[in-house]
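structure for the following, please:
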Amino acid sequence: MTAHAQVPSLLTRRVRRAGSVSALTIAAVGGTLLAPGAAGEAHAASPGFKALHVAAAKRGAPYRWGATGPRSFDCSGLTQYAFKAVGKKLPRTAAQQYNKTRRVRAAHRKPGDLVFFGYGRGIYHVGIYAGRGRMWHSPKTGSTVRLEKIWTKAVQYGRVR
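Below is the predicted model of the structure:
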């Protein structure tokens, strides 16, 4: 058997070991198998990384203004819900969440960091960074929680303490 032929079976074994981690979640973090509790990189056990998995599990939940889950969310309701599920308290709005996180430069962002969109001094949207320039978020009325490419470089990143 060639090394190339062994790759699918190795991936299959790792996915089975990961249990409930979906292929979509694996893809969201850059195609690597890093699940909470699995051996891997140091950030695998961080609250942000665990919250990322919680948000990914809500894929398809409808957007509803002011909703904080568990069946529907607005943007900050999704981030608040995901971090609460892993034992971290976040305030309710995107702007309040921005004020409670530690700033992280784009070059140092990690899966699980919050992605903030704003204009002037106001923050109007938040998502959870998933790696490879993508984030999980609940974007707007008529949409659902989804993984999406970050469409601008005019964002700021924050790490939940």
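
residues near residue 135, how many?
25 (other C-beta atoms under 10 Å). Quick note: C-beta positions are derived from backbone N, CA and C, even for glycine.

what sits against it?
Neighbour list for residue 135: 115, 127-129, 147-148, 150 [criterion: C-beta atoms under 8 Å, 6 or more residues apart in numbering].

of those, just say which sits nearest to residue 139.
Of all the contacts of residue 135, residue 139 sits closest to residue 148, with 7.2 Å by C-beta to C-beta.

tally of neighbours for that closest one?
Neighbour tally, residue 148, other C-beta under 10 Å: 15.

also the one 5 residues further on?
Applying other C-beta under 10 Å, we find 7 residues neighbouring residue 153.

distance of it relative to residue 133?
As judged by C-beta to C-beta, to the nearest Å, residue 153 and residue 133 stand 10 Å apart.

go on, residue 122?
With C-beta to C-beta as the criterion, residue 122 and residue 133 are 24 Å apart.

more neighbours, those two?
The neighbour count for residue 122 versus residue 133, taken as other C-beta under 10 Å, is higher for residue 133 (13 against 10).

surely the more buried one touches residue 150?
Yes. The pair residue 133 / residue 150 is scored as a contact, 5.4 Å apart, by C-beta atoms under 8 Å.

residue 54 and residue 153, how far apart?
For residue 54, the distance to residue 153 - C-beta to C-beta - is 27 Å.
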